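Chemist: need a structure here:
(chains A and B)
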2 protein chains.
Amino acid sequence: MAPPKLTYFSVKGLGEPVRFILSYANVEFIDDRVNFVEDWPKVKPTTPFGKLPVLEVDGKKVTQASAICRYYAKKCGLVGKDDWEDLLIDATVGTFDDMRQAISTYFYDQNEESKKKKLDLLIKETIPFYMERLEKQIKENGGYLVNGKLTWADLWVVSLLDLVNKYTERTLEEKYPLIIALKEKVLAIPSIKAWVAKRPVTDW
Amino acid sequence: MAPPKLTYFSVKGLGEPVRFILSYANVEFIDDRVNFVEDWPKVKPTTPFGKLPVLEVDGKKVTQASAICRYYAKKCGLVGKDDWEDLLIDATVGTFDDMRQAISTYFYDQNEESKKKKLDLLIKETIPFYMERLEKQIKENGGYLVNGKLTWADLWVVSLLDLVNKYTERTLEEKYPLIIALKEKVLAIPSIKAWVAKRPVTDW
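Modeler: Predicted structure coming up:
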């Protein structure tokens, strides 16, 4: 059986949570990187829904970073001990994604005026609102986001910090010591540390 | 034990997939509806992350429509038979959500010019792109979205058609006979049919 092939652009972005979890699960994978200008127009029609990441397993292509992460989380013990714990993990992943979507909507806004307004709202309201609550959630969960133990929600959030930081040109976690501690903890996991050491160096 | 309380605005929106699945699972629930103008400013600070829907179960509040739906789908047999099937369900839910997000970004755009451009792109490209592929997926899966059988992905998509149709002021499924057939099939399920018959009549 060929190893799974993860196709994404040559940045961390939404590919990185999948690369984190595959590394954590000790799944050898092909880290297929598509150049946005040269390759993507050719690759796009071969994807299920015109988006990356795509994971190809035994000739079958699947999409959606969170769906792929959840699948591998089940294989490597990063899910909850019951359905309720899984619900809390899924809710946290979805919540961080709401913040990421708000940031993406700002980043891709092509109107300078409304883009500026969006950034202002993000910096003053939206981002502190989410980050304060995530910080509090970590405090209430023994240093992790959910269930007092490492779950794929932690890998999800930590691996996506580079993306939201790039889009906002800030370090969103800088005022949140527990988020920083969580990031350090995740990046110190041997399999994650090994992945980060060997991954291609990219701007973001 | 008090029944779970689902808090959402008095529209179908992102509350409706949860109401569909609770109905399908025969879970009696309190259909708590918040008026956006009068109630929401008071309710918002009491929610975990400032967003609805929120489900309250035994005094614990959880968020994120898809996370809540997945939780109840496990209780009522609307998940896959294995992790791979669950991955396909999750990917489909996430894919439809990508389309919904694109439509929401258009709908909430406050700049008339860029809003018009976004609608144009949605109608000419984005929506047909997704809808054609979803139609094909239903064709390949025996009349359902995934795994040749009813899953919570079907309830998710069908229950959210009203939202995307409202936002675009169109009937997005009108050119897609298999999506229409899926909608009719889901709405004919006795528990869903009973819910639709008794739910408050709202504009969208």
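Chemist: Name all residues that make contact with residue A:192.
Modeler: A:20, A:23-24, A:155, A:186 (CB atoms under 8 Å, 6 or more residues apart in numbering or on different chains). All C-beta spots, glycine's among them, are computed from the backbone N, C-alpha and C.
Chemist: so which helix or strand takes in the residue in chain A sticking out farthest from the centre?
Modeler: Each residue of chain A has a distance to the centre, and by CA atoms, centre = their mean the biggest one is for residue A:113: 28.9 Å. Using DSSP states H and E, residue A:113 maps to helix A:112-121.
Chemist: which other residues reach that helix?
Modeler: A:105-106, A:109, A:168, B:109-111, B:114.
Chemist: now do stretch A:140-150
Modeler: Outside stretch A:140-150, the residues that reach it (CB under 8 Å, 6+ apart) are A:78, A:80-81, A:85, A:88-89, A:92, A:134, A:137-138, A:151, A:153-154, A:157, A:178, A:181-182, A:185-186, A:189.
Chemist: now do 7 Å
Modeler: For stretch A:140-150, the external contacting residues (CB atoms under 7 Å, 6 or more residues apart in numbering or on different chains) are A:78, A:80, A:85, A:88-89, A:92, A:137-138, A:151, A:153-154, A:157, A:178, A:181-182.
Chemist: go on, stretch A:153-170?
Modeler: The contact list for stretch A:153-170 (CB under 7 Å, 6+ apart) reads A:12-13, A:16-17, A:20-21, A:24, A:69, A:78, A:89, A:92-93, A:96, A:100, A:103-104, A:107, A:122, A:144-146, A:171-173, A:182-183, A:186, A:204.
Chemist: ok, now stretch A:45-63?
Modeler: A:1, A:4-9, A:14-15, A:18, A:34, A:44, A:65, A:68, B:87-88, B:91, B:95, B:98, B:129-130, B:133.
Chemist: from the contacts of stretch A:153-170, which would you call buried?
Modeler: A:12-13, A:16-17, A:20-21, A:24, A:69, A:78, A:89, A:92-93, A:96, A:100, A:103-104, A:107, A:122, A:144-146, A:172-173, A:182-183, A:186 (16 or more other CB atoms under 10 Å in any protein chain shown).
Chemist: Count residues in the vicinity of residue A:119, would you?
Modeler: The burial count assigned to residue A:119 is 19, neighbours taken as other CB atoms under 10 Å in any protein chain shown.
Chemist: any idea of the pLDDT on it?
Modeler: Listed pLDDT for residue A:119 reads 97.
Chemist: buried sites along the helix holding residue A:113?
Modeler: Those would be A:114-115, A:118-119, for helix A:112-121 by 16+ other CB under 10 Å.
Chemist: Only C-alpha atoms, please: export it in CSV.
Modeler: Extracted in CSV, the C-alpha atoms of helix A:112-121 (Å, rounded to 0.1, in the frame of the first residue of the first chain):
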residue,chain,number,x,y,z
GLU,A,112,-9.1,48.8,0.9
GLU,A,113,-11.7,50.7,2.9
SER,A,114,-13.7,47.8,4.2
LYS,A,115,-10.6,45.8,4.7
LYS,A,116,-9.3,48.4,7.1
LYS,A,117,-12.6,48.4,8.9
LYS,A,118,-12.5,44.7,9.2
LEU,A,119,-9.0,44.7,10.6
ASP,A,120,-9.9,47.3,13.1
LEU,A,121,-12.9,45.2,14.4
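Chemist: My reading is that residue A:147 lies in a strand. Confirm?
Modeler: No: counting by DSSP: H, G, I helix; E, B strand; the rest coil, residue A:147 is not part of a strand but coil.
Chemist: The longest helix along chain A and chain B in contact?
Modeler: Looking across chain A with DSSP state H, the single longest helix is helix A:83-107. Yes: judged by CB under 7 Å from any CB of the partner chain, helix A:83-107 and chain B are in contact via A:83, A:87-88, A:90-91, A:94-95, A:98, A:101, A:105.
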